[in-house]
Structure formats: C-alpha cells, structure tokens
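>>> Provided below are the primary sequence and the corresponding predicted coordinates.
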Amino acid sequence: MSTSLDQRFAQQSTTVFHPINTADKIAMTRLRAIVEPNKGRLRGIAARVPFDAIMEHVVVPEGVTFEAGTVGGVPGWWCKPKDARPDTVILHIHGGWFNWGSAKAFRNLVGHLAMHTGTFAFSPDYRLAPEHPFPAAPEDVRTCYVGLIELGYKKVAVTGDSAGGTLALGLLLSLKASQLNNQVVPVAGVALSPVTDLSLSGVSWTTRAAADPYFIRPQAAELVQSYLNGADPSDPAASPFRADLAGLPPIRVHVGDDEVLLDDSVRFIDRALAAGVDAQLDVWEGMVQGFFGSVGRLSASTQALQQIGSFLSERFTKATAERQPGSSVDFPNAISTPPAIEIRSLAPGDDASAFRTLNEEWITRHFTLEAKDRETLNDPVHSILLKGGHIFMAYAAAEAVGCVALIPMRNGIYELSKMAVSPHLRGRGIGRRLLQHAIAEARGLDAKSLFLGSNSRLKDAIHLYESVGFRHVKPESLPPMPYSRADVFMEMPLG
C-alpha cells in the first residue's frame, strides 16, 4: 500500500487523494485474505461465469427498476431510478478486460450510478473477445450511442469501469474525431480504473504489483492480446492514452491507490490537462480495482458513487441551461413548423435563400467536409444528398434541422434516415408528414426504392413505416446498412 500518494499529489489541485478510514482498512484486510489466494487465476472465457457471479453480488439499489432492452440494435439493460430526469441518460459500459462481463451482471452497480445521478442508465452487451476482437466492442458502443440519439435523448453522459472505462474514453474520442458529438454533445465522461494504455507500460504494473490482490501482468497481457488479435496496442483507437485528447468534454477518473492500473489513470489525466481538458483524478487510498461495487460494505464505495452522481447531475443541469450547438434548438421553427425534406428551406413560403445561408453556416461549422461533399450544399435537389462516406453527417444534419436525409447508396436505391420517427417528432405528429415528403422527394429523384433498418422493439415506429407503404424484406436483399445490428429491414419500391 502506498503511503506517499497524498504527498505526491498535494500540489495538484486537479487530483483529489482520499485517505482510507479505519473501518474500510479493516474491511480491505478481510477482502485481501479472501481474494489474494486466487490472484491472477481468472483467465480466458472460463472466467466469465465466476466474474459475473462476483458482480451479481453488488447490493441492489433502492428505488431502481431494471429492464432488458435494445438500443441501436445492441442488447443491454436499462436501470431506471424512481423520479429520474426525463431527458437525460447515462451510457455505462461494463468492465471485464474486454473478455468478460455482461450488462445483466453489472446492472446493480450501474443502478447505483443511475440512482445517485437521478437519471436513466443503459448498459450495452457489447461483443466480447476472443470471439469478437477489436474493433467490435468500440463499434458496438458507438452504435449504442447513436441509438440513444435516435430515441430522442439530447443530454448523454458516457461512463465505464475498467475495460469499459477504456471503451467510454474511446467513444468520446471517436465522437470528437468524427464530430458526431456536435449533434448531441456528451455532457461528460467518467472512467473508473480505466485501462488507457494497452501496451501495459505504466510504472504501477511494477510499483503496485504486490499491493494489487487481483491482477498480474502476464494475466492482463493475455487478455489484452485476446482482445487486440494482432492490432497495435499503441493505436489511439485502442489505447486512449495515445490519442489527441484536446476537445474532450469534462472528464473525471476514479482509481484505487493499490491498483496495477493506477498509472493508466494518472498519465491519462496528466495528458488531458495538458490538452486543456476539464479533468480531475480521484485516488482512493487502500482501494483496489472494482471497489465501487462494494457499496454498503465500504464507505469509500458509497462516497465515490455519490461524488460521481453529483458531478454528472451538475453537468446535466448545466447542459440544460446551455444552448447546445447542432441540436434543433438552433432552429426553433424546425419542429413548430412542419418542415419539408430539404435542408435549405423549412416549408413553402419561408425565405429559402436566408435559410440556406444559415444551414450552410451550420454545416460548415459542425462538420469537416471533403470537397466532393461540400458540393452538396449547392445541389439543386432540395434534400441532404451525400456523395461519399459521411453517412453520420446525414443523420446529424437531418436531426439538427428536423428533416429527413435521403442517402444515395447504389443504382437508384436510397437509404432513408430514421430521424423523422424519433420520439420528439412522433409526439408532435410530424413523423408521417416528413416520411410523405421524403417519399415524394425520392420519386422526384427517379429513385427505384427506399430502404431502412430498424429494431423490432420500436413497434410504433415500424407501424408508422408500414402505414406509409414500407414492407418487410430480408437484409441480404439490401445494400450494407450503417447500423449493422438492426433486426428489422424494410423497403418501399418506387420504380
């Protein structure tokens, strides 16, 4: 156990060192006696059952209900506290060294986080290694984030523990790089004991080797290799520590003083601060990886969860007060006036030239366009038509102005964005009119057919598609879908 970290961080206002109290010290001594005989023995997929069993023992939070669900085609679990904020959500990514863990096993821990924040939380069952190596997990959590946007959430916090903390930070970096987060900017990120450097080069792998009662380097290296499957551990997409961190939302990282992963947190926060990020590190004396799950047994666990909840609540409140760029609040008439399909004019009679200028400013401010895509701003066809691979730009732009995107795929086949049936549009009766505008616009383009991918859980949206003429088809009959985990595919022949 370290006795000098509080002195080491004494001069750093961005690091908070939490001394251990007597009761927790006694509890940790007992815990060590139980777990240390099995140190380093959890390996391979055989460890999944005992690992989940450990997480299932987290105390059930009061006033929280749990529901299995699907977001963006990714299955997982909803954690719903009583009297939660209606317009906010936490996307929590569970831990397990990329090889273990499940949303169901982690639901109690996530439920405590949701309870202390006062908001719903969704934890996805992302694909695990070795069956699905990198980059399957990052792809799934990104798809899930987009799915939350499709459900109408405008304020999203991204959190994760251990390997889930790695994926949470990676998601924030991915959104920043693609600028999708200009559609719905994550209000904050929280990582609990993240693995930020998959090369395992942190000094705490040596300095905390004896103090950590769970993990040894050969064990971690084996699990990381299973996940990477030959990919470079220095790839910023895999190791957040290696990425350009400038532009991230406010970040908080919590870690135990006795973890081999301590340096992964210290170095990441150091680089984040150097990049100008609002970042803070909380170090908990005598604590080990996963101590957050000992709520009710360790006061440090309860205190950490309370602090995380307070931080996220503050960020959600601040986001509510701020005018978020790239959301429909930038265009107040986008919802109150039934818009046409075009991105450059809301409805007949509007000042199309002025609105086009406004939209051009919005697009160029929030997206990096290649020359061929910039041409679409001057396209005489009044719709969002992208010539290239910027498919997420179409969805984000459609959401921003409250319209529908028609995305050309091949041979006269267009994909129809699903923003028109987001809950906030359906509730105002606009979805059907938008779909009808889209169909008319597609006919004017001599499109052969429209297609889309959805999820069987969204029964009201599917009913809406059916009511305007879409029919169910097999996925192999369609072009590649941007959301590969959709389980309902529909097409409307036009030609």
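Arrived safely, thanks for sending.

>>> If we ignore the residues flanking it in sequence, what's nearest Asp235?
Leaving out its chain neighbours, the residue that sits closest to Asp235 by Cβ to Cβ, 6 or more residues apart in numbering is Arg242, at 7.2 Å. C-beta: built from backbone N, CA, C; applies to glycine.

>>> Which elements pack onto the host helix or strand of Gly111?
Under the criterion of DSSP states H and E, Gly111 resides in helix 107-117. When contacts are defined as 3 or more Cβ pairs under 8 Å, 6 or more residues apart in numbering; DSSP states H and E, helix 107-117 packs onto helix 48-56, strand 64-71, strand 74-81, strand 85-93, strand 119-124, strand 155-161, helix 299-321.

>>> Pipe those into a markdown table and attach mean pLDDT per row.
What follows is these, written out as a markdown table (pLDDT from 0 to 100):
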| stretch | mean pLDDT |
| --- | --- |
| helix 48-56 | 96 |
| strand 64-71 | 94 |
| strand 74-81 | 95 |
| strand 85-93 | 92 |
| strand 119-124 | 97 |
| strand 155-161 | 96 |
| helix 299-321 | 93 |
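
>>> Present those as a markdown table; the columns should include distance to Asp278 and mean neighbour count.
Converted to a markdown table, the helices and strands packed on helix 107-117 look like this (distance: least, Cβ to Cβ, whole Å; neighbours: other Cβ atoms under 10 Å):
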| stretch | distance to Asp278 | mean neighbour count |
| --- | --- | --- |
| helix 48-56 | 30 | 15 |
| strand 64-71 | 27 | 17 |
| strand 74-81 | 26 | 23 |
| strand 85-93 | 18 | 23 |
| strand 119-124 | 20 | 28 |
| strand 155-161 | 14 | 26 |
| helix 299-321 | 10 | 18 |
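
>>> any chance of the ones you listed in JSON lines, plus distance to Phe470?
Listed next are those as JSON lines, based on distance: least, Cβ to Cβ, whole Å:
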{"stretch": "helix 48-56", "distance to Phe470": "40"}
{"stretch": "strand 64-71", "distance to Phe470": "20"}
{"stretch": "strand 74-81", "distance to Phe470": "23"}
{"stretch": "strand 85-93", "distance to Phe470": "28"}
{"stretch": "strand 119-124", "distance to Phe470": "27"}
{"stretch": "strand 155-161", "distance to Phe470": "29"}
{"stretch": "helix 299-321", "distance to Phe470": "35"}
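
>>> returning to what we had before: the residue nearest to Asp235: what's it in contact with?
Counting by Cβ atoms under 8 Å, 6 or more residues apart in numbering, Arg242 touches 197, 234-236.

>>> Enumerate every residue touching the closest residue to Ser162 other than its chain neighbours.
Once flanking residues are discounted, Ser162 sits nearest to Gly95: 3.0 Å by Cβ to Cβ, 6+ apart. Residues in contact with Gly95 (Cβ under 8 Å, 6+ apart) are 101, 106, 160-165, 192-193, 290.

>>> Just to be sure, Gly95 is in a strand?
No. Per DSSP: H, G, I helix; E, B strand; the rest coil, Gly95 lies outside any strand segment and is coil.

>>> Quick check: the gap between it and Phe470.
As for Gly95, its distance to Phe470 is 40 Å (criterion: Cβ to Cβ, to the nearest Å).

>>> and stretch 269-289, average pLDDT?
Stretch 269-289 comes out with an average pLDDT of 95.

>>> CA atoms only: put that stretch into CSV for me.
Provided in CSV are the C-alpha atoms of stretch 269-289 (Å, rounded to 0.1, in the frame of the first residue of the first chain):
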residue,chain,number,x,y,z
ILE,A,269,-5.3,12.8,-16.7
ASP,A,270,-1.9,14.4,-17.0
ARG,A,271,-2.2,14.4,-20.8
ALA,A,272,-5.8,15.5,-20.7
LEU,A,273,-4.9,18.5,-18.5
ALA,A,274,-2.0,19.4,-20.8
ALA,A,275,-4.5,19.3,-23.7
GLY,A,276,-6.8,21.8,-21.9
VAL,A,277,-9.5,19.4,-20.9
ASP,A,278,-11.5,20.0,-17.7
ALA,A,279,-10.2,16.8,-16.0
GLN,A,280,-9.8,15.6,-12.4
LEU,A,281,-8.3,12.5,-10.9
ASP,A,282,-9.6,11.0,-7.6
VAL,A,283,-7.3,8.5,-6.0
TRP,A,284,-8.7,6.3,-3.2
GLU,A,285,-6.1,5.1,-0.6
GLY,A,286,-6.0,1.3,0.0
MET,A,287,-8.7,0.6,-2.6
VAL,A,288,-8.4,-2.0,-5.4
GLN,A,289,-10.0,-2.4,-8.8
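
>>> buried sites along it?
By neighbour count with 16 or more other Cβ atoms under 10 Å, stretch 269-289 contains the buried residues 269-273, 277, 279-289.

>>> One more: stretch 225-234?
Buried-residue list, stretch 225-234, by 16+ other Cβ under 10 Å: 225-228, 233.

>>> Could you check how far that stretch is from the centre of its chain?
From the chain centre to the centre of stretch 225-234 is a distance of 22 Å (Cα atoms, centre = their mean, to the nearest Å).

>>> can you give me the end-to-end distance of that stretch?
End-to-end span of stretch 225-234 (Cα to Cα, to the nearest Å): 13 Å.

>>> Which residues does that stretch contact?
Residues contacting stretch 225-234 (Cβ under 8 Å, 6+ apart): 44, 97-99, 129-130, 133-135, 137, 163, 197-200, 224, 238-239, 242.

>>> at 7 Å instead, please
The contact list for stretch 225-234 (Cβ atoms under 7 Å, 6 or more residues apart in numbering) reads 98-99, 129-130, 133-134, 198-199, 224, 238-239, 242.

>>> Let's see if you can find the most crowded of the residues you listed.
Phe98 (29 neighbours; other Cβ atoms under 10 Å).

>>> from memory it sits against Pro130, does it?
No. Using Cβ atoms under 7 Å, Phe98 makes no contact with Pro130, being 9.2 Å away.

>>> Return the distance of the residue nearest to Ser162 relative to Phe215.
12 Å.

>>> got it, and Tyr126?
Taking Cβ to Cβ, one finds Tyr126 at 21 Å from Phe215.

>>> least trustworthy helix or strand in this structure by mean pLDDT?
The least trusted helix or strand in the chain, going by mean pLDDT, DSSP states H and E, turns out to be helix 333-336, with a mean of 25.

>>> got a list of what the residue positioned nearest the centre of the chain touches?
The centroid of the chain falls nearest to Tyr145 when counting by Cα atoms, centre = their mean (4.2 Å). Contacts for Tyr145 (Cβ under 7 Å, 6+ apart) come out as 91, 156, 171.

>>> what do you get if the cut-off is 6 Å, keeping everything else the same?
Leu91 (Cβ atoms under 6 Å, 6 or more residues apart in numbering).
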